[in-house]
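**Student:** The following block contains a protein sequence and its predicted model.
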Amino acid sequence: MPGNLFGQLFRITSFGESHGGAVGCVVDGCPPGIEISEADIQKEMDRRKPGQSKITTPRKEEDKISILSGVFEGKTTGTPILLLAHNSDMRSQDYDHLKNVLRPSHADFTYTAKYGIRDARGSGRASARETLARVASGAIAKKFLKEKLGIEILSYVEQVGSLKTDMDMATVTPEAIEANIIRCPDQTMAEKMIELVDGIREEGDSIGGVIKGVIRNVPKGLGEPVFDKLSADLGKAMLSINAVKGFDIGSGFEGVGMKGSEHNDPFTIDAKGEIRTTTNNAGGTIGGISSGEDIYFRVAFKPVSTIRKKQQTVNTEKNEEVELEATGRHDPCVLPRAVPIVDAMSALVIMDHYLRNKSQNG
């Protein structure tokens, strides 16, 4: 099956290239009656679009979204929704020097190996511009989950390089995340992160980091063992994002240093008479099914591979080793613009599993 589809009952089909005419998606399986407008979706699009600040790519795209089907009089009809954003600020000539040159650690090499043809204009389908479609479709899911079920989805920059905030995720608010250009809710650490990224940008280099995702008020019972565990689908969703190299949920890799007596989450009865856990090392899922506790996870992003510094590579036309100093407009750190992408993928997974659970259990 082609790899451009995501989801089972709430399914998206993503299409478009970085320097093509447009990028968009078809959303299939969306319940009817959801109040949605282009303005609702645009709020999320503006968080992802390029040219936001000095620490993001200077490419200027409005990423203006259009709803071309599936919505009538402000509500979803239950039929496929076509979402589209035209590309405008394209400078394909910036990539002429890369036509026959492979950028180290970039998909240039593997895309050519797989398809036998390569769109060198802004990386084509391998470009992070494809994530525009995920954010647009995720905005619909996010709105439904918030308004109908009270589910809150947020993510924030936890770490850039060696700089890391130890802020308690339970106290993080959307307003604090959006209060600075790096999208770290710890304002003191955010200033240090911004300074680091700006310095890396001036050097012509790039840097990676970690985004923490938090999903609050998730109902118990979401997840389809054994292969479609909620944790597994979240992992796949995050690992499908450009530049992601790692994912862990709950205590994650830190849990290997704990004993079972330390890691286990004891059960208790809360004031409402409901079974809860006193701790949440599991990260909101047990056996791949949501436990009712907050889901939290971490997503590791590598440094962007296109940099201005000299690197050794290969010219495929001449079949010889060459040095490359890449030009063009690229993010020195993808993290600020990746935050809404992580939000969107979280929403798509939870929405899909909510509908799957509802179809089975009513």
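**Tutor:** Done, it's in.
**Student:** what about stretch 140-158, start to end distance?
**Tutor:** In stretch 140-158, first residue to last residue: 26 Å (CA to CA, to the nearest Å).
**Student:** Give the buried residues for it.
**Tutor:** Of the residues in stretch 140-158, 140-145, 151-158 count as buried by neighbour count, 16 or more other CB atoms under 10 Å. Glycine gets a C-beta too; all of them are placed from N, C-alpha and C.
**Student:** Just those: which are in strands?
**Tutor:** 152-158 (DSSP state E).
**Student:** Distance check, the residue nearest to G288 when sequence neighbours are not counted against I249.
**Tutor:** Nearest residue to G288, sequence neighbours excluded (CB to CB, 6 or more residues apart in numbering): K229, at 2.5 Å. Per CB to CB, to the nearest Å, K229 is found 10 Å from I249.
**Student:** quick revisit: got the buried residues of stretch 140-158 as TSV, with pLDDT and distance to S261 columns?
**Tutor:** Putting the buried residues of stretch 140-158 into TSV (pLDDT from 0 to 100; distance: CB to CB, whole Å) gives the following:
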residue	pLDDT	distance to S261
I140	98	44
A141	98	39
K142	98	38
K143	97	42
F144	98	40
L145	98	35
I151	98	32
E152	98	32
I153	98	33
L154	98	32
S155	98	31
Y156	98	32
V157	98	34
E158	98	28
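**Student:** quick check, nearest of those to V339?
**Tutor:** Distance to V339, by CB to CB, is smallest for S155 among these, at 5.3 Å.
**Student:** show me where the stretch 251-362 of the chain has helices.
**Tutor:** 260-263, 335-361 (DSSP state H, counting those that start in this stretch).
**Student:** quick one: buried residues of stretch 55-69?
**Tutor:** By neighbour count on 16+ other CB under 10 Å, the buried set for stretch 55-69 is 55-57, 59, 61, 63, 65, 67.
**Student:** Show me the shaky parts of the stretch 1-150 of the chain.
**Tutor:** Residue ranges of the stretch 1-150 of the chain with pLDDT under 70: 1, 59, 89-96, 122.
**Student:** out of the ones in strands among the buried residues of stretch 140-158, which one sits closest to Y354?
**Tutor:** Of those, the one sitting nearest to Y354 (CB to CB) turns out to be I153, at 12.4 Å.
**Student:** residues in contact with stretch 303-312?
**Tutor:** 103-106, 203-208, 243, 321-328, 330-334 (CB atoms under 8 Å, 6 or more residues apart in numbering).
**Student:** returning to what we had before: for A136, state which of the ones in strands among the buried residues of stretch 140-158 is nearest.
**Tutor:** Minimum distance to A136 across these is 15.3 Å, recorded for I153 (CB to CB).
**Student:** Quick check: bridge partners of that closest one?
**Tutor:** I215 (DSSP bridges).
**Student:** what about it, distance to E224?
**Tutor:** 20 Å.
**Student:** Adjacent strands (with direction) for the helix or strand where I12 lies?
**Tutor:** Following DSSP states H and E, one finds I12 within strand 11-16. Sheet pairing for strand 11-16, assigned by DSSP bridges, gives strand 5-6 (antiparallel), strand 22-28 (antiparallel).
**Student:** Can you give the distance of the first one from its chain's centre?
**Tutor:** Centroid displacement of strand 5-6 relative to its chain, using CA atoms, centre = their mean, to the nearest Å, is 14 Å.
**Student:** Ok, the last one next?
**Tutor:** How far strand 22-28 lies from its chain's middle: 16 Å, per CA atoms, centre = their mean.
**Student:** okay, the angle between that strand and helix 335-361?
**Tutor:** 20 degrees (axes from the mean of the first three to the mean of the last three CA atoms, to 10 degrees).
**Student:** Run through who's touching strand 22-28.
**Tutor:** By CB under 8 Å, 6+ apart, strand 22-28 touches 10-17, 70, 80-87, 129-130, 132-134, 136-137, 140.
**Student:** end to end, how far does stretch 7-19 reach?
**Tutor:** End to end - CA to CA - stretch 7-19 spans 26 Å.
**Student:** starting at the chain centroid, how far to it?
**Tutor:** Relative to the chain's own centre, stretch 7-19 is displaced by 14 Å; criterion: CA atoms, centre = their mean.
**Student:** Now restrict the contacts of strand 22-28 to buried residues only.
**Tutor:** Buried by 16+ other CB under 10 Å: 10-17, 70, 81-87, 129-130, 132-134, 136-137, 140, out of the contacts of strand 22-28.
**Student:** In terms of secondary structure, what does the host helix or strand of L82 contact?
**Tutor:** Under the criterion of DSSP H and E, L82 resides in strand 81-86. If contacts are counted by 3 or more CB pairs under 8 Å, 6 or more residues apart in numbering; DSSP states H and E, strand 81-86 sits against strand 22-28, strand 66-69, helix 131-149.
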